[in-house]
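Novice: Turn this into a model:
(one chain, ligands or ions: 1)
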Amino acid sequence: MDIDIVSVFPEYFDVLQLSLLGKAQDNGLVHVAAHNLRDWTHDVHHSVDDTPVGGGAGMVMKPEVWGECLDGLLGLRGDDSDDNQNSEAGDAIESADTVESAAKHDGTVLIFPNPSAPLFTQRDATELSHADRLIFGCGRYEGYDARIPEHYRAQGVNVREYSIGDYVLNGGEVAVSVMLEAITRLLPGFMGNPESIVEESYTGGNALLEHRQYTKPALWRSLEVPDILLSGDHGKVNRFRRDEALQRTNAIRPDLIEALDCKQLDKPDRKT
Ligand code: 6GU
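Specialist: Here you go, the predicted model:
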């Protein structure tokens, strides 16, 4: 999988050399390139933002810089003829481009972190782990001009916008790190033990919080491991864990219970 990240702080992503993702890069499983958005500016100040049209606080990232950058990364012919004014000839060229680029970018997904977008979930991580190439565009300040994702959608590119939760970050960099980790760990060969991603919380159609885990010793500071887990009866252990998963999900994340597929829950306990 090829991963490009565009940011005004590309150094943020130096940490991707560490840990399992670093190893995956060494093994050739993924290739990550972080680019500096300012490399696509032409003015002496390398400016990437401007004041919001319609007024308001903060700054908005300019479409022209992103346009040049993303055209370059996507291998699209730049058409900046109407950056300042509309041209009818430009429209004709654009429709021809759209057909060609839709085919060319089949396995590519362009992703913009955005606190006002739909929530990024395990389902999205799973789907995106099948892409050939991901391009992340990190916004800063009050965000990016809304025409940037709109334009690339119209070009036939698979464009996504995601929030990672109901809180505000200073920019998309941390959100991209979160999404990248969730996606790349699902790549075949990424995890040492592939089993460890199968049974986790939020995986599959029935997303429950995971049961609690214990290791030895059975008694620690007067706290005991639940007896059933020591019984050696796998049927009972599985049932105990599933009951606990349901109870904890109901208490902590009732929204996940509402989303459950009840038919799946009716399945009898697996005998082992
Ligand atoms: Cl994707 N970006 C920013 N700036 N803040 C966020 C977010 C994204 N998701 C949650 N908060």
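Novice: shaky segments in the stretch 51-200 of the chain?
Specialist: 82-104, 196, 198-200 (pLDDT under 70).
Novice: What ranges does it have for its helices?
Specialist: With DSSP state H, counting those that start in this stretch as the criterion, the stretch 51-200 of the chain has helices at 63-74, 88-104, 122-128, 147-154, 173-184.
Novice: Strands of this structure, start to end?
Specialist: Along the chain, counting by DSSP state E, strands occupy 2-7, 31-36, 49-50, 60-61, 108-113, 133-137, 158-162, 219-220, 223-224.
Novice: Now mean neighbour count and distance to residue 254 too, for the ones you listed, in TSV please.
Specialist: All C-beta spots, glycine's among them, are computed from the backbone N, C-alpha and C. Formatted as TSV, the strands of the chain follow (neighbours: other C-beta atoms under 10 Å; distance: least, C-beta to C-beta, whole Å):
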stretch	mean neighbour count	distance to residue 254
strand 2-7	21	35
strand 31-36	16	38
strand 49-50	16	41
strand 60-61	21	38
strand 108-113	24	27
strand 133-137	24	32
strand 158-162	20	23
strand 219-220	10	31
strand 223-224	10	28
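Novice: Could you dump the ones you listed into JSON lines and include distance to the ligand?
Specialist: JSON lines is the format used below for the strands of the chain (distance: least, C-beta to the nearest ligand atom, whole Å):
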{"stretch": "strand 2-7", "distance to the ligand": "12"}
{"stretch": "strand 31-36", "distance to the ligand": "17"}
{"stretch": "strand 49-50", "distance to the ligand": "14"}
{"stretch": "strand 60-61", "distance to the ligand": "12"}
{"stretch": "strand 108-113", "distance to the ligand": "3"}
{"stretch": "strand 133-137", "distance to the ligand": "10"}
{"stretch": "strand 158-162", "distance to the ligand": "6"}
{"stretch": "strand 219-220", "distance to the ligand": "37"}
{"stretch": "strand 223-224", "distance to the ligand": "36"}
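Novice: Out of these, flag the one nearest residue 122.
Specialist: Of all the strands of the chain, strand 158-162 sits nearest to residue 122, with 12.4 Å by C-beta to C-beta.
Novice: gap between the closest one and the chain center?
Specialist: 9 Å (C-alpha atoms, centre = their mean, to the nearest Å).
Novice: do the same with stretch 110-129
Specialist: 4 Å.
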